[in-house]
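J.: Provide a 3D model corresponding to the input given below.
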Amino acid sequence: MKNFLIFILLISLFHHCKKYSTEDPAITSNPSFEKAKKLKNINIDSAFYYFNIAKNDFLNKNDSIGAARSLVNMAIIQSDTGDFYGSIETSLEADKYLKISPKNDFVNNLYSSNYNNLAISSKSLKNYNDAEKYYQKALETTDKEEYKSVINNNISDALILQNKTESAIKLLQRLLKTKDSINYARVLNNLAKAKFLRNTNYNAIPELEEALRIRKVQKDSLGLNSSFATLADFFKNKDKTQSLFYAKKMLDRAEKNESPDDQLEALQKIINLDEKNYSKYFNRFQKLNDSLQTARNKAKNQFAIVRYDVEQKNAQNQILKTKTFQQNIGIAFLILALVVGFFWNEKRKKNIRREKEQEKQLEVKNTELKYSKKVHDVVANGLYHLMIEIENNPDINRIKILNDMEKMYEESRDISHDRMSEVDFHERFGKMINSYQTDDQKVIPIKYVEKIWEKIPQNTQSELFYAIREILVNMKKHSDATFVALKFEKDDNTLRITYTDNGKGIKNLDTQRGAGIRNTENRIDTIGGDIIFEENPNGGLIIKITIPIHSKYV
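T.: Next comes the predicted model:
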C-alpha cells in the first residue's frame, strides 16, 4: 500500500514553501509559476506545463532557487500521477540547482520536500533501500518537529519493507512519546506490524485495535485504510475469515478514498483469500490495473511531450532573439557594406557546414536505428527465448545453455559486420519453436521438414527466424493461448507459414496496430513477402505469411 503518510508530509512541505515565498522579497516574481500554482489542483497537465515554463524563466534570470522550486513541483506532479522514474529524474535535476543555491530556511525546506519526493518514488518502485536513504536526508534538512515525526514513521515503514524489523521497532518505540493522537495511531500500527513480522506468535491485536479505535474517533480515513491492511496481513495465516473481512473493509475504504493503488492491494489480498469469488475479484483487479497503467502511461507520455514542446519553444525563442540581434547589428552597420558582406558570407558558410553536419548526424542516427533493430532481434528476443527455454525445461543442461549463449554472442559480435551466419538452420528453427511448448501451452509445428528451407536464401531464413520468434514471444507474453500451430507449406514459387492460436486475440485488429505487429510486418516486407493478421473464428489469432522463393528483394 502506498503510504499515505508520505503524502501528508509532501503536502505540508509544499504549503510551507508557498507561505515562505509570499513573505520573502528575495524570491523572484514569476507569472507562469503563480499560474501553475493555481492550476495544480485543477488541471495537472497545465500546471506541469507552466511550472516548466517558469523553470526556464527563472534560469534566464539566473535564479537557481526558483528553477529548483519549479522542478520540485513538477516532480511531485509526476509522482502523484505514477510517473515514478520521470519524477526521480526531475527531482535529481532540482537537486542540481539546489546545490548551487545560497543556503537558508526556504532552501532547506525545498531540499526536504525534494528528498521526500525521491523517497516516495523510490518506495513506489520497490527500491526500499533508496527510499530509506532519501527519508534520512529529508529528516536532516528540516527543522520542523511535526515533520520529523512523520518522516521518522516513514523511515520505520521503509525498514519494515526491508525486513529490518529490529531497527524499525527501536525507532518506533522512541516515537511513541508523541502527544498527537493521529501520529500515535500511526506509530502504534507500525510498531505492532514490526513485532508480529519479527515473531509470528506475537499477539498484536490489542495494539492494532487501539490504533484502529483512535483512527475511527479521529475520522482518519487514510489511517483506517492502513489499519485494515495491517489487520488483514496479521490474520492471513491465523484466521482467513478475519483476514478476508479486513481486506474487504480495506477495499471499501480505498474506494471511498478514491485510491486505486490501495484498491489493487486490497483486491490482491481478497483474491488469495476468497477462492469462491476468485474469478470476480481477479477480473476486477485486472480491469482496474489495466486502467491505472493506461492512465499512468498516458500521463508519463504527456509529461515527456510537454517538456519537449517547452524546450523546443525555448530554443526557438533563443534563436529568434539571436536573429533579431543579428538584424539590429546589420542595420547599425549598413554603411559598412563590405564588412556586412563578409559576415554574411561567413554565416552562409557556417550554415552549409551545419547542414552537412546535420546530414552526417542523420546518417549516424539511421545507422544506430538499424543496429538497434538487430540488437533487439539477436540479443533481446534471444535472451527472452533462452529464458522461456530454461523455464519450460528445468532439466536443461549447462552445456546447452552455454552453447545458446555462445550463439547469441557470435551473432551480436557479427552485427557490426552485417553478417549473421546460420548453421544447421532447420534444426535451430525447429528447436526454437519447440522451446515455447509447456504442459499447459502446446506449440505444434505441422509439415515442418528440412527441405522446406531448400532454395530459401540465408537472409530470408534469418528474417523469418526473427519474425516467427517475435510472434512466439508476443504469444507468450500476451495471448494466454493453450494451443498454437505453425503450418509450413511450399511449392515451386512460394513458401507459406500459417500461425494459429486459441488465445484472446487482438481487439480492434483493423485499427490497433501495436509495435509488435508493425515490426513483424516491416520484417516480412523487407524480404518481399506478405503478412496478414486475422481473427480466428474459433477464438484467437491467425497470421498468414507468404514468401516468394525468387523474390527480387532477396
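J.: Can you verify my assumption that residue 69 contacts residue 110?
T.: Yes: the criterion here is C-beta atoms under 8 Å, and residue 69 meets it with residue 110 at 6.0 Å. The way it works is simple: take the backbone N, C-alpha and C, and place the C-beta from them, glycine included.
J.: neighbour count winner among the two?
T.: residue 69 (31 against 27; other C-beta atoms under 10 Å).
J.: Next one: the more buried one from residue 179, what distance?
T.: 33 Å (C-beta to C-beta, to the nearest Å).
J.: domains of this structure?
T.: If you go by automatic domain parsing, the domain ranges for the chain are 358-421, 424-548.
J.: Quick check: the gap between the residue lying closest to residue 497 once chain neighbours are set aside and residue 520.
T.: The shortest distance from residue 497 to any non-neighbouring residue, by C-beta to C-beta, 6 or more residues apart in numbering, is to residue 545 (4.4 Å). In this view, residue 545 and residue 520 are 9 Å apart by C-beta to C-beta.
J.: Mutual contacts of those two, please.
T.: Jointly contacting residue 545 and residue 520 under the rule C-beta atoms under 8 Å, 6 or more residues apart in numbering are 467, 531.
J.: Could I get the pLDDT score of residue 319?
T.: The model reports residue 319 with a pLDDT of 60.
J.: can you check residue 67 too?
T.: For residue 67, pLDDT reads 92.
J.: Which strands or helices does the strand or helix carrying it pack on?
T.: Under the criterion DSSP states H and E, the helix or strand holding residue 67 is helix 64-80. On a contact count with 3 or more C-beta pairs under 8 Å, 6 or more residues apart in numbering; DSSP states H and E, helix 64-80 meets helix 4-23, helix 31-39, helix 44-60, helix 84-99, helix 105-124, helix 278-332.
J.: What's the mean pLDDT across the third one?
T.: The average pLDDT within helix 44-60 is 89.
J.: Any buried residues in that helix, and which?
T.: For helix 44-60, burial by neighbour count (16 or more other C-beta atoms under 10 Å) applies to 44, 47-58.
J.: As JSON lines, the residues you listed with distance to residue 138 would be great.
T.: Listed next are the buried residues of helix 44-60 as JSON lines, based on distance: C-beta to C-beta, whole Å:
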{"residue": "44", "distance to residue 138": "23"}
{"residue": "47", "distance to residue 138": "23"}
{"residue": "48", "distance to residue 138": "23"}
{"residue": "49", "distance to residue 138": "27"}
{"residue": "50", "distance to residue 138": "26"}
{"residue": "51", "distance to residue 138": "21"}
{"residue": "52", "distance to residue 138": "24"}
{"residue": "53", "distance to residue 138": "28"}
{"residue": "54", "distance to residue 138": "24"}
{"residue": "55", "distance to residue 138": "22"}
{"residue": "56", "distance to residue 138": "27"}
{"residue": "57", "distance to residue 138": "28"}
{"residue": "58", "distance to residue 138": "23"}
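J.: mind checking how far the helix or strand where the residue nearest to residue 497 lies is from the chain centre?
T.: In the assignment (DSSP H and E), residue 545 maps to strand 541-548. Chain-centre distance of strand 541-548: 34 Å, with C-alpha atoms, centre = their mean, to the nearest Å.
J.: can you check stretch 67-77 too?
T.: On C-alpha atoms, centre = their mean, the centre of stretch 67-77 falls 19 Å from that of its chain.
J.: just stretch 238-255 next, same as before
T.: With C-alpha atoms, centre = their mean, you get 29 Å for stretch 238-255.
J.: neighbours of residue 519, just the number please.
T.: Count around residue 519 with other C-beta under 10 Å applied: 17.
J.: meant to ask about residue 188, not that
T.: 23.
J.: What residues sit buried inside the helix or strand containing it?
T.: Under the criterion of DSSP H and E, residue 188 resides in helix 181-198. By neighbour count on 16+ other C-beta under 10 Å, the buried set for helix 181-198 is 182-197.
J.: and what of stretch 144-152?
T.: Buried residues in stretch 144-152 (16+ other C-beta under 10 Å): 147-152.
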